[in-house]
Structure formats: C-alpha cells, structure tokens
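**Q** How does the following fold in three dimensions:
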Amino acid sequence: MIGLSTLRRLYIQKGGKVPLFNQATLFMMNQELLYKYFKGIASIEEEKQILDWVEASEENREAYLKERMLFDVSLFSTKQDNKKKAIRLMPMLRWAARIAAAVIIAVSGYYMTTNYIYNKDAQPQTITVPAGQRAQITLADGTRVWLNAQSTLTYASDFGRNDRNVELDGEAYFEVAKNKKLPFYVHTEMHKVSVVGTSFNVCAYKGSKEFETTLVEGIVDIYPSCNNQVITRLQKDEFFANYDGRCKKTILPSYEYLRWKEGLYCFDDVPFSGILDKLEKYYNVKITVTSPRLLTHEGLTGKFREQDGIEHILRAISKEHPFKFRINENKDSIIIYE
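**A** Next comes the predicted model:
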C-alpha cells in the first residue's frame, strides 16, 4: 500500500493534481487507515499522515468528509436490544489541535491560559470558560478542577486559609485535596456539595433547573442550597440528580459521560431536545426547532468530540432522524425544520 505521505508528495509534485490515481482509488487505498482514525485507534503517526493528506488539497478534504459521513451514518443502530439509537461521532479533523488552543480565562482583569496555579494574593476570582472550550486549574490547596464549556467558577481571595468554598455555574470535575479540618464546599443554584478529599463531578447550569453529581472516589454529602440538612450521602460510583424537583439516586453504569474532560461528550438515552440543549452550551449557538414533532425522537445513545463541530453532528443525526437545518451568517443561530 502506498503511504499517505507518498501520495501527498506525488500530489504536490504534479502541481496539485493526483496523476496516478483518481479520487475514488486514492480513497479506497487508504480506507482502512481512515477507519482506524474514525474509530479513535490510529497511532499518532497515522493521525499525522491523515492530516497531511487532508490538508494537501480541497479534493482530499471533500473525499475525507464524504467518507466520514458514511462512517458516522453506518454506526447508527436500530437493532439494539434496548431499542436505543446509537450514534458514534468520533474525532473529525484535528488540525485545530495544531493551533495552540489555549483557553483564555478572565481572572480579576488578567488573562491566563488553561493550566495555572492560583495566587493567594490575588483579588476575588471568577473563572469563565467560553463555549466550545475546557480548562484545568489548580487551587491554592492543591485541588484540581476541570471546567466544561460555558462554566464559571468563583471563589474568595483567601480560599484555603479559613475555609474552602467555591461557587459553580456550569459543569466541573473536582479532585479535592484532603484536609479534614477544612471541608470543601461546592455551591450551586439548587444544591451544595460537601467533601473532604474526593473526586467527583457536578453539573449545574443556572436557569436549567437541573443538578447532577457523580462520585468517583470518596464520600460526598448533598444539601439544599438554602440550609444545612443533608439530603443524601453518595458512596463511590453513585449518581444523584435533581430535575426540577424530581430527584433520583442510582449506581453509575460507567464513567463514559465524564470523558468531557478529554473533549469527548457522551450521552445515554438522551432525548433529542436534551442533545440540542447541550449543543447550545458547547458551541454557543441558539437552536430553534420549528416543528414540535421533531422533539419526540426517542432517546439517543452515543458520543462525539467537541472538535467535530455542530454542523457535522447535526448532519449525522439527521441521517437517522430526518430533519433539515440552516445556520445564519454569524453562525450563532440554527433553525431546525422538517
């Protein structure tokens, strides 16, 4: 098999035209490698080869996108035992990773990149992560925090001295440094969470009327936001949620949905409307559905990477659940229709 780098050289040497192979032949020769990439099992060198080939010409890029779409659509399943729709939207192009995509965080009038150590002498801090980005920070006590898209974390300038309180609007994963004398509190619009030394996830966007906590290690106590009466205590691998007053507690079947830290968004039996809500947050767009019937699609199960882009994701879903959509010129508004 001729390697992608060789094909790229041939392409360049002939002034941008592939002289030895038509597009179909070129694509077939590398289909196995492309599918490894789509499945997320290609090596770093193989990924580099694919990116070099894709960037070599617009024809290569179009061929890639067509094959990628066919791959995504083929992974929709209507024959699962639980009758869930399965979507697997794996990595698209990683050329964005070639750009130093440092998340810019506003901290007391300064701008800092994704990873930093909290300065105890700084003023009260509010850390905001924009749509489509993630950030990792380390607090004064050694606690590590991962923040998801459109999330805000606020804490006092003396954090870690007399108490450990943070306020969260959005989603965050915490690896809390142990300190039995100073419990760690996460305050949200609906609930607060108390821990000593624990790894856990909290999802609580203001205005959503939803609160979720997943415990990976340790113990957490959950309270109402307005008082100190414990609602429940979570043990390892337990999940608690409050959806507009409807509470549930269960065992977490897997940690897949926590992989947002890696830029991989997973969902399990989520209604189409729920997916659209997440896409609005992840990509900072307003999505309007003109036909209520489109929101009756049964729950979807699958995963996608943030780098896939919202247009690609919607196209893939629409192959199984037919709908059309249009994006405005500013790319901040999407209308979905039949």
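**Q** what are the bridge partners for Asp325, then?
**A** Slight slip there: residue 325 is Phe, not Asp. Per DSSP bridges, the residues bridged to Phe325 are Ile336.
**Q** could you give me the average pLDDT of stretch 195-206?
**A** Averaging pLDDT along stretch 195-206 gives 93.
**Q** Oops, could you answer that again for stretch 315-324 instead?
**A** On average, stretch 315-324 scores 85.
**Q** now swap in stretch 139-150 and tell me
**A** 92.
**Q** Identify all contacting residues around that stretch.
**A** Applying Cβ atoms under 8 Å, 6 or more residues apart in numbering, the contact partners of stretch 139-150 are 118, 120, 127, 129-138, 153, 155, 159-160, 164, 166, 170-177, 179, 182, 184, 203, 205, 260-261, 281-282, 284, 306. Yep, even glycine has a C-beta here, placed from its N, CA and C like the rest.
**Q** Write the PyMOL selection for whichever of these are buried.
**A** The PyMOL command for the buried members of the contacts of stretch 139-150 (criterion: 16 or more other Cβ atoms under 10 Å) is given here:
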select buried, resi 118+127+129+132+133+134+135+137+153+155+159+160+164+166+170+171+172+173+174+175+176+177+182+184+203+205+260+281+282+284+306
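**Q** is it true that Ala177 lies in a strand?
**A** No: membership of Ala177 in a strand is not supported by DSSP: H, G, I helix; E, B strand; the rest coil, which gives coil.
**Q** Give me the nearest residue to it, chain neighbours excluded.
**A** Gly142 (3.8 Å; Cβ to Cβ, 6 or more residues apart in numbering).
**Q** Same check on Tyr37?
**A** Nearest to Tyr37 is Ile50, by Cβ to Cβ, 6+ apart, at 5.2 Å.
**Q** Break the protein into its domains for me.
**A** 4-74, 98-251, 267-337 (automatic domain parsing).
**Q** Helices of this protein, residue ranges please.
**A** 4-13, 23-29, 31-38, 44-56, 58-74, 272-283, 310-320 (DSSP state H).
**Q** can you give me the strands in the stretch 51-200 of the chain?
**A** Using DSSP state E, counting those that start in this stretch, the strands found in the stretch 51-200 of the chain span residues 85-89, 105-107, 110-112, 125-129, 135-138, 144-147, 151-155, 164-175, 184-187, 191-195, 199-204.
**Q** Show the contacting residues for Ser318.
**A** By Cβ under 8 Å, 6+ apart, Ser318 lies in contact with 324-325.
**Q** mind checking how far it is from Ser254?
**A** Separation of Ser318 from Ser254 (Cβ to Cβ, to the nearest Å) stands at 27 Å.
**Q** do Glu338 as well
**A** To Ser254, Glu338 is 35 Å away according to Cβ to Cβ.
**Q** The residue nearest to Ala177: neighbour count?
**A** 14 (other Cβ atoms under 10 Å).
**Q** One more: the one 10 residues further on?
**A** One way to gauge burial is a neighbour count; for Thr152, by other Cβ under 10 Å, it gives 17.
**Q** Quick check: it touching Pro130?
**A** No: counting by Cβ atoms under 8 Å, Thr152 does not reach Pro130; the two are 10.5 Å apart.
**Q** Many thanks, have a good one.
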